[in-house]
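J.: Quick one, what's the 3D model for this:
(chains A and B)
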Amino acid sequence: MRFSRYFLYTLKENPKEAETVSHRLMLRACMIKKLASGIYSYLPLGYRVIKKIENIIREELDKEGCIELLMPAVQPAELWQESGRWDYYGKELLRFKDRKNGDFCLGPTHEEVITDIVRKELRSYKQLPLNLYQIQSKFRDEIRPRYGLMRGREFIMKDAYSFDVDDASCDKSYWQMYDAYTRIFKRCGLKFRAVEADSGAIGGNYTHEFHVLAETGEDTVLSCNSCSYTANIEKAECLKPEKIDEQVELKPVEKVETPGKKSVEEVAEFLGVKPSDLVKTMIFKLENGDAIAVLVRGDYEVNEVKVKNHLGVAILELADEETIEKVTGGPSGFSGPIGLNIPIYADYSVLNMSNFVIGANEKDMHYINVNLGRDFEVKEFADLRLAVEGETCPRCKKGKYEQFKGIEVGQVFKLGTKYSKAMNCTFLDENGKERYAVMGCYGIGVGRTAAAAIEQNHDENGIIWPVNIAPFQVILLNLEVKDKEFTEKVDKMYKELTDKGFEVLYDDREMRPGFKFKDADLIGIPVQVIVGKKAMAEGVVEIKVRRTGERIKVKPEKMADKLKEILEKLREEEENR
RNA sequence: CGGGGAGUGGCGCAGCCUGGUAGCGCACUUGUCUUGGGAACAAGGGGUCGGAGGUUCGAAUCCUCUCUCCCCGACCA
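T.: Residues are numbered from 1 along each chain as shown, chains lettered A, B, ... in the order given. Got it, this is the predicted structure:
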């Protein structure tokens, strides 16, 4: 591709709308163009990257026997009503009417459509297992789109759906996809982790998220430095402590004044104790209006997801001031378990505490030297707090948690029979008995993967594409475009490289060298071939490796072989990080 | 939805407070000169000042309404 004939116009200045690195660089490199909030066009350079990622996905899924199809973006309400999600799904589902006043929506996901397709054809267990996928634009009317392709409203997603005869077979499909995903992100040259995630209150099935590790990630991931346990912070388990029967002298409980001291830090400082000597009492409100209390050691945080899952409820929110006063009799910031008439759940971190500090359910008052059993009773102990970096891994009990920031680029999810039951997707098994298909669903955000790749691979000069997803492999810089004889030689190099199968962007623009260098660095093509007068006089061309900055001089006739060697080496390194 | 900020040429911004008919840098066109890390000079082209209404002799500027976009938070199969 000749740069002078390509649709690529870089920006020297940072567009104001962009905050994150990937968003900024994608705009500056002319990869995407915003049409409306969270809705982007993929310009030629950006679309090349998208297609690279899509093709890696296709190749790896096809290897697992997955079959590609394409479903509509517009879906009728009936299907969603049938699965029960027309009412359940919130405003994220963009709904509209057609000319005949029928209800429709833009598909945010395709469980309903795929289940409808499959149920119409599925009759026998002999047709299973089945895994169908598509790469298609989804639409979710996000509350707040942001960060360019990272969280758009319209976005390209690969979604796959598996159908199996039973649970065991579904597990097999699940792990096949897990393996395929691992290969896909490896091939994309990304540093990533597969993490155990929370599957929500719907069903007791399991799920893994694939996170690209990057400072700017929105999610927090904890990973054991000894075993393979890795989990989203919402899910990461905490080691259950043993009950220790220490011979601690239980001091008499005492009510003390703590004027204006509400937060754990303030109270601890005022009383001259450590935050870990306090017990925090959080009041939550359930959907039906009932309140519960959750206790956690002062230096820890309650994990709402764990509380929800423990109670088996879908909705849980921190109680408002009014509820707190009604339930505890005191203002927020001074809540404590003594005298509470609501269920009290305590995190394991409280189990072995003694002579601790709690709120007195009265303004400006706390109790000190409080003890479990003697002063109040707990309904139940459970793992209810957020795990923190450095604590002992609950699985191997040897390693410690390390913390990472991640960008979720993919998820594998075992659905079970939720949709096949709701939509009557059945088959006859080998005994002639009718059964529901056991399903799984598997997503990869294609645009988000591209954005995550940039978040992970850039420097102050621009993008550094991993070879396998780079829009071009080589950028050929002609520094003497006006010299006809010279240019003829470079034209030949361009032709040679193209003929030999390299994807080459040929910078044949009449611009000063500095400009071309800056552009080449910005758009992040992995290898630059720089052809200038001085080097040419020596009978060599210069190769610059974008990632390392390494410069190599080679004779033109050796150029192609050298490029191949460099690209292979890069690919090798990138795939095994 | 709550809080904050912004809409002026393709991009980044000034002008607004104190009304007088729009300006700067980058990009673009032409020419001269230059050519290994976003050159210089000269001459050009391009703007319903987000939209509607109002005040005024006169509105980018003042008033009212409205739309859009960005940031923080709540939310997120």
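J.: Kindly report the domain assignment for chain A.
T.: Residue ranges of the domains in chain A are recorded as A:52-237+A:403-453, A:254-382, A:472-575, according to automatic domain parsing.
J.: Look at the residue nearest to A:Glu301 when sequence neighbours are not counted and say how many residues are nearby.
T.: On the basis of Cβ to Cβ, 6 or more residues apart in numbering, the spatially nearest residue to A:Glu301 that is not a chain neighbour turns out to be A:Leu386, at 4.5 Å. To be clear about C-beta, it is placed using only N, CA and C from the backbone, and glycine gets the same treatment. Other residues within reach of A:Leu386 by the criterion other Cβ atoms under 10 Å amount to 19.
J.: In contact with A:Leu386, which residues?
T.: A:233, A:236, A:300-303 (Cβ atoms under 8 Å, 6 or more residues apart in numbering).
J.: For chain A, which helix or strand comes out least confident on mean pLDDT?
T.: Of all the helices and strands that make up chain A, strand A:316-318 has the lowest average by mean pLDDT, DSSP states H and E, namely a mean of 80.
J.: OK, contacts around the most centrally placed residue in chain A?
T.: Among the residues of chain A, the smallest C-alpha distance to the mean C-alpha position (Cα atoms, centre = their mean) belongs to A:Glu408, namely 0.9 Å. Contact criterion Cβ under 8 Å, 6+ apart gives A:209-211, A:218-219, A:445, A:448 as the residues in contact with A:Glu408.
J.: Kindly report the same for A:Gly333.
T.: Taking Cβ under 8 Å, 6+ apart as the criterion, A:Gly333 is in contact with A:262-263, A:359.
J.: Now flag whichever of the residues you listed is closest to A:Tyr42.
T.: Nearest to A:Tyr42 among these: A:Ser263, at 47.3 Å, using Cβ to Cβ.
J.: now the domains of chain A as a markdown table including distance to A:Arg28?
T.: Conversion of the domains of chain A to a markdown table gives the following (distance: least, Cβ to Cβ, whole Å):
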| stretch | distance to A:Arg28 |
| --- | --- |
| domain A:52-237+A:403-453 | 11 |
| domain A:254-382 | 38 |
| domain A:472-575 | 6 |
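J.: nearest to A:Glu391, of those domains?
T.: Checking the domains of chain A against A:Glu391 by Cβ to Cβ gives domain A:52-237+A:403-453 as the closest, at 8.8 Å.
J.: quick one on the thing from earlier: ok, the residue nearest to A:Glu301 to A:Gln411 distance?
T.: Between A:Leu386 and A:Gln411 the computed distance is 21 Å (Cβ to Cβ, to the nearest Å).
J.: Likewise for A:Leu372?
T.: In this view, A:Leu372 and A:Gln411 are 40 Å apart by Cβ to Cβ.
J.: in the longest strand along chain A, what's buried?
T.: With DSSP state E setting the assignment, residue counts place strand A:401-416 as the longest strand in chain A. If you call a residue buried by 16 or more other Cβ atoms under 10 Å, then strand A:401-416 has these buried ones: A:401, A:404-416.
J.: Looking at the residues you listed, point me to the pair that's furthest apart.
T.: The distance between the two most remote of the buried residues of strand A:401-416 (Cβ to Cβ) is 31.2 Å, for A:Lys405 and A:Gly416.
J.: still on that earlier bit, comparing the domains of chain A by mean pLDDT, which bottoms out?
T.: Across those, the stretch with the lowest average pLDDT is domain A:254-382; it has a mean of 88.
J.: A:Val113 is in what secondary structure piece?
T.: When elements are assigned from DSSP states H and E, A:Val113 belongs to helix A:111-121.
J.: Let's test this: what are the backbone torsions at the residue of chain A most remote from its centre?
T.: Among the C-alpha atoms of chain A, the one farthest from their average position, using Cα atoms, centre = their mean, is that of A:Glu485, at 52.0 Å. Taking degrees, to the nearest 10, you get phi -60, psi -40 for the backbone angles of A:Glu485.
J.: Same question for A:Thr109.
T.: Residue torsions, per degrees, to the nearest 10, at A:Thr109 are phi -170, psi 170.
J.: My read is that it contacts A:Ala160, right?
T.: No: under the criterion of Cβ atoms under 8 Å, A:Thr109 lies out of contact with A:Ala160, with a separation of 11.6 Å.
J.: Against RNA strand B, how distant is the closest residue to A:Lys489 other than its chain neighbours?
T.: Nearest in space to A:Lys489, with sequence neighbours left out and distances taken as Cβ to Cβ, 6+ apart, is A:Met536 at 7.4 Å. Note on A:Met536: its distance to RNA strand B, by Cβ to the nearest atom of the strand, to the nearest Å, is 7 Å.
J.: Secondary structure element holding A:Gly432?
T.: For A:Gly432, there is no enclosing helix or strand under DSSP H and E.
J.: how many other residues sit next to it?
T.: By the measure other Cβ under 10 Å, the count of residues near A:Gly432 is 6.
J.: wait, what's in contact with A:Val490?
T.: Applying Cβ under 8 Å, 6+ apart, we find A:Val490 in contact with A:476, A:478, A:480, A:506, A:508, A:531.
J.: Could you list the alpha-carbon positions for stretch A:531-540 in PDB?
T.: Below are the C-alpha coordinates for stretch A:531-540, written out as PDB (Å, rounded to 0.1, in the frame of the first residue of the first chain):
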ATOM      1  CA  VAL A 531      16.000   4.000   2.700                       C
ATOM      2  CA  GLY A 532      18.000   7.300   2.600                       C
ATOM      3  CA  LYS A 533      20.700   8.700   0.400                       C
ATOM      4  CA  LYS A 534      23.700   8.200   2.700                       C
ATOM      5  CA  ALA A 535      23.000   4.600   3.500                       C
ATOM      6  CA  MET A 536      22.200   3.900  -0.200                       C
ATOM      7  CA  ALA A 537      25.600   5.400  -1.100                       C
ATOM      8  CA  GLU A 538      27.100   2.800   1.200                       C
ATOM      9  CA  GLY A 539      25.000   0.200  -0.600                       C
ATOM     10  CA  VAL A 540      22.800  -0.600   2.400                       C
END
